[in-house]
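Student: Pasting the sequence and the predicted model now:
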Amino acid sequence: MAGRPWAPRRAGESPTNTTAVKPLPEDAKIHKYVGIDPGRTKMFTAVDEHANVTSCSSKEFHAMSGSKRREKTIAKWHAKAPDYVKELHKCPTHKTASTEVLLSRVVRIVPNLREGLAWHMHLKPFRKLRHQAYVGRERAIVRLAEQFRAPGA
């Protein structure tokens, strides 16, 4: 039982379990201590061991990842969309408890559903744009993490 840190302890068993602690590998040495605090308006605020404060606002992060540019692209696509696509976007929401509103949604969607899906799936590269957004976010996160890397590592 002493070798399983996830199991509950028995009465009289030592709370410090030395067999569960593994030494760090050689490439995982700690070069720098950083305290990170996520916030409401900032992605993070970090303080290193020398009291240097680094922060990144949500606005900066979105600019780094390119999400604002992609939102503008999608807005242009929707502005130039055919009428049947605009009608699909105007229908009542699916988040309703009323069966009458839900039925009116179905009645408005069904006639133009096939054309609307074809426009979204084949005429505009939404999937490619979504993948680019993912890559941009990952690139921005790596760029922010580079600030905390030890010199020469």
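Tutor: Cool, got the structure.
Student: Would you give the sheet partners of the helix-or-strand element of the chain with minimal mean pLDDT, along with the direction of each?
Tutor: Ranking every helix and strand in the chain by mean pLDDT, DSSP states H and E puts strand 34-37 at the bottom, with a mean of 73. As defined by DSSP bridges, the strand partners of strand 34-37 come to strand 42-48 (antiparallel).
Student: Run the chain-centre distance for the partner strand.
Tutor: Taking Cα atoms, centre = their mean, to the nearest Å, one finds strand 42-48 lying 17 Å from the centre of the chain it belongs to.
Student: What average pLDDT does the longest helix along the chain get?
Tutor: Scanning the chain for the longest helix, with DSSP state H as the assignment, gives helix 126-145. Taken as a whole, helix 126-145 has an average pLDDT of 90.
Student: How about stretch 97-113?
Tutor: On average, stretch 97-113 scores 84.
Student: do the same with stretch 43-51
Tutor: Rounded mean pLDDT across stretch 43-51 is 80.
Student: buried ones in stretch 139-147?
Tutor: Residues Ala140, Leu144 are the ones in stretch 139-147 that count as buried (16 or more other Cβ atoms under 10 Å). (Glycine included, C-beta is placed from N, CA and C.)
Student: Quick one: distance of the one helix or strand Leu103 maps to to the chain centre.
Tutor: Assigned by DSSP states H and E, Leu103 falls within helix 99-109. Between the centre of helix 99-109 and the centre of its host chain there is 32 Å, according to Cα atoms, centre = their mean.
Student: which helices and strands sit right next to that helix?
Tutor: Contact partners of helix 99-109 among helices and strands, from 3 or more Cβ pairs under 8 Å, 6 or more residues apart in numbering; DSSP states H and E: helix 83-90.
Student: Provide the secondary structure category for Ala97.
Tutor: coil (DSSP: H, G, I helix; E, B strand; the rest coil).
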